[in-house]
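Asks: Have a look at this prediction, sequence included:
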Amino acid sequence: MEGFFRELASADALGSTIGSFALILVLVRCKIPLGAAVLIGGAVLGVLFGLGPLEIGGAALRGMLSPNSIGLGTITVLLLGLSRTMRGAGQLEEIVKLAKSLLRRPAIAMASLPALVGLLPMPGGALFSAPMVESAAAGTPESRSRLSAINYWYRHIWEHWWPLYPGVLLAVDSSRWSTGWYVVLQAPLGVFMVLSGLVIFRGLHPDLHVRGESPPRGTKRRLLRNTSSIWIVPLIWIAGTLIAWSILWSIGFSGTGVKDIAWLSALVKYGPLICGLMISLLWTARLNRMELGVLGKIFTRLSIYKLLLLVLSIMAFQRILTETRAGTEMGKELQAMHVGVILVVAALPFISGLVTGLAIGFVGISFPIIREMVTASSGEPMAASYLVLAYACGHIGMMLTPMHVCHVVSNEYFETPFAPVYKRTIPAACIMISLAVGYFVVLRAFGM
């Protein structure tokens, strides 16, 4: 039986990998859930590379049960639980009301409020911020398509680097960079998103630039208190990471040594963030005078665990990809064909983002392939410049696709079709990519 499957591996590595990749995209296009499509694509990839059913199943299981998978899955569940707790308690609505009063200028509020909500990842979060944008623009004849574009664009300015996003955490794991270095490298992309989005404001109604009255006394203090559920998480994450590394160094562990111990590496990477989220959940319950029983019921909702299953399926796909050595073989073939790695680094994430509409989708599908190809081509782990280019292209693909849930719900709320919204977001996307490519060039010039 094993020999039969090995005979099927007649196609080259590049053709086999692209074929399994294309299968995933087709299945998603046919409304197959992304998690199931990824598992099917991974199984086909294993068959094409000569793995038998037991080998494929074993690789998938090892991927799902790895320390990194457990850490990432735990964070995913806690994140969704926190966002639902804050929404259910009315805390997010209070944050919006206070922020609008403090910002005063409507145009600034229109961009800042979706960005504020974006600090806390939640599926379809643009639907939550849409009424805020509408309220900020109240009383002016501004087009609904512009309001939708502003809401959608600025809702996602953090998604390149903010460590609460599952896609970011998955990218950290796939790239093999530390979370701290990843944040430093990717943060400029968030700045580029803010700057490129300014083109959407061209021709905005003049009344939206008029400065409002001063906010009531105590507004800043109340806003700081209500946003504590958000900012407490990165504070604990930073402190916990520093403490963890201090302990490791004090007992004689080097950075290389930690990476060689899978469970210890995952504990250092995810432990502080998990602690931060758990403390934030308890603090949020106390802040809103919520009983722990009510908090517990939030985690019994099946919707929270749908994203968990997607994360686990992606980790299974990554493990299969690693054990087939697909990336290494593709790198050799592309070198022989004289195909530039840079083209692949840009194209694969963009296509994945365009088809899946999810950061975790384009990262999970394309990053393992890119990582192995870059390693095979250069003999080194994924360079900073490649990481930046890959994520920037994948994110723009995700932003432009009509499959992105936030894109759909924002347009539905503002009752506008996609076409007029695209007229405003495509120019912003072009500027964003241009800035990202320039950043890529600078990093390459410094040998990164």
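Replies: Looks like it arrived, so ask away.

Asks: the strands in this structure, which residues?
Replies: With DSSP state E as the criterion, the chain has no strands.

Asks: Quick one: low-confidence residue ranges for it.
Replies: Residues of the chain that meet the criterion pLDDT under 70 lie in 1-11, 122-124, 176, 212, 252-262, 327-328, 330-339, 376-382.

Asks: rerun at 50
Replies: 1, 3-11, 256-259 (pLDDT under 50).

Asks: out of all of them, which helix in it is the longest?
Replies: helix 418-445 (DSSP state H).

Asks: Now do the contacts for residue 435.
Replies: By CB atoms under 8 Å, 6 or more residues apart in numbering, the residues touching residue 435 are 192, 195, 196. (Each C-beta comes from the backbone N, C-alpha and C, glycine too.)

Asks: wait, the first one sits on residue 437?
Replies: No - counting by CB atoms under 8 Å, residue 437 is not a contact partner of residue 192; they are 10.4 Å apart.

Asks: Looking at the two now, which is surrounded by more residues?
Replies: residue 192 (21 against 16; other CB atoms under 10 Å).

Asks: Distance check, that one against residue 406.
Replies: Residue 192 sits 19 Å away from residue 406, going by CB to CB, to the nearest Å.

Asks: just residue 244 next, same as before
Replies: Going from residue 244 to residue 406 by CB to CB gives 34 Å.

Asks: Of these two, give the one with the bigger neighbour count.
Replies: Of the pair residue 244 and residue 406, residue 406 is the one with more neighbours under other CB under 10 Å, namely 25 against 17.

Asks: contacting residues for the more buried one?
Replies: 124, 125, 126, 127, 152, 155, 156.

Asks: ok, and the closest non-adjacent residue to the residue minimising distance to the centre of the chain?
Replies: Of all residues in the chain, the one closest to the mean position by CA atoms, centre = their mean is residue 167, 2.8 Å from it. Excluding its sequence neighbours, the residue lying closest to residue 167 (CB to CB, 6 or more residues apart in numbering) is residue 359, at 2.8 Å.

Asks: and that neighbour, how many residues sit next to it?
Replies: 27.

Asks: Then residue 61?
Replies: 12.

Asks: so who does the closest residue to it other than its chain neighbours touch?
Replies: Of all residues beyond its chain neighbours, the one nearest residue 61 is residue 316 (7.6 Å), with distances taken as CB to CB, 6+ apart. Counting by CB under 8 Å, 6+ apart, residue 316 touches 38, 39, 42, 59, 60, 61, 63, 64.

Asks: Next, please give the residue ranges for the helices of the stretch 151-300 of the chain.
Replies: Per DSSP state H, counting those that start in this stretch, the stretch 151-300 of the chain carries helices over the ranges 166-175, 179-197, 219-226, 228-250, 255-259, 262-287, 292-298.

Asks: Mean neighbour count, those helices: which tops it?
Replies: helix 166-175 (a mean of 25; mean count of other CB atoms under 10 Å).

Asks: gap between the residue nearest to residue 61 and residue 195?
Replies: As judged by CB to CB, residue 316 and residue 195 stand 38 Å apart.

Asks: Residues touching stretch 287-294, excluding its own?
Replies: By CB under 8 Å, 6+ apart, stretch 287-294 touches 85, 89, 90, 91, 225, 226, 228, 229, 284, 285.

Asks: ok, residue 141 touching residue 205?
Replies: Yes - the pair residue 141 and residue 205 passes the contact test of CB under 8 Å, sitting 6.7 Å apart.

Asks: Which of these two has more residues huddled nearby?
Replies: Set residue 141 next to residue 205 and count neighbours by other CB under 10 Å: residue 205 wins out with 16 against 7.

Asks: ok so, going back, the residue nearest to residue 61 and residue 197: what is the separation?
Replies: Separation of residue 316 from residue 197 (CB to CB): 36 Å.

Asks: And residue 274, by the same measure?
Replies: In this structure, residue 274 and residue 197 are 32 Å apart, going by CB to CB.

Asks: Could you do residue 221 as well?
Replies: 30 Å.

Asks: same deal with residue 304?
Replies: For residue 304 relative to residue 197 (CB to CB), the value is 31 Å.

Asks: So what does residue 202 look like in phi/psi?
Replies: phi -60, psi 130 (degrees, to the nearest 10).

Asks: Provide the count of other residues in contact range of it.
Replies: So residue 202, with other CB under 10 Å, has 9 neighbours.

Asks: Could you identify the most distant pair in the contacts of stretch 287-294?
Replies: The largest separation in the contacts of stretch 287-294, counting by CB to CB, is between 85 and 225 at 16.0 Å.

Asks: So what does residue 143 look like in phi/psi?
Replies: Given degrees, to the nearest 10, the pair of backbone angles that residue 143 has is phi -70, psi 140.

Asks: does it really touch residue 423, like I thought?
Replies: No - with contact defined as CB under 8 Å, residue 143 does not count as touching residue 423 (10.3 Å).

Asks: more crowded one of these two?
Replies: When residue 143 and residue 423 are compared for neighbours, residue 143 comes out ahead with 17 against 13, by other CB under 10 Å.

Asks: any idea how far residue 345 is from that one?
Replies: On the measure of CB to CB, residue 143 and residue 345 end up 37 Å apart.
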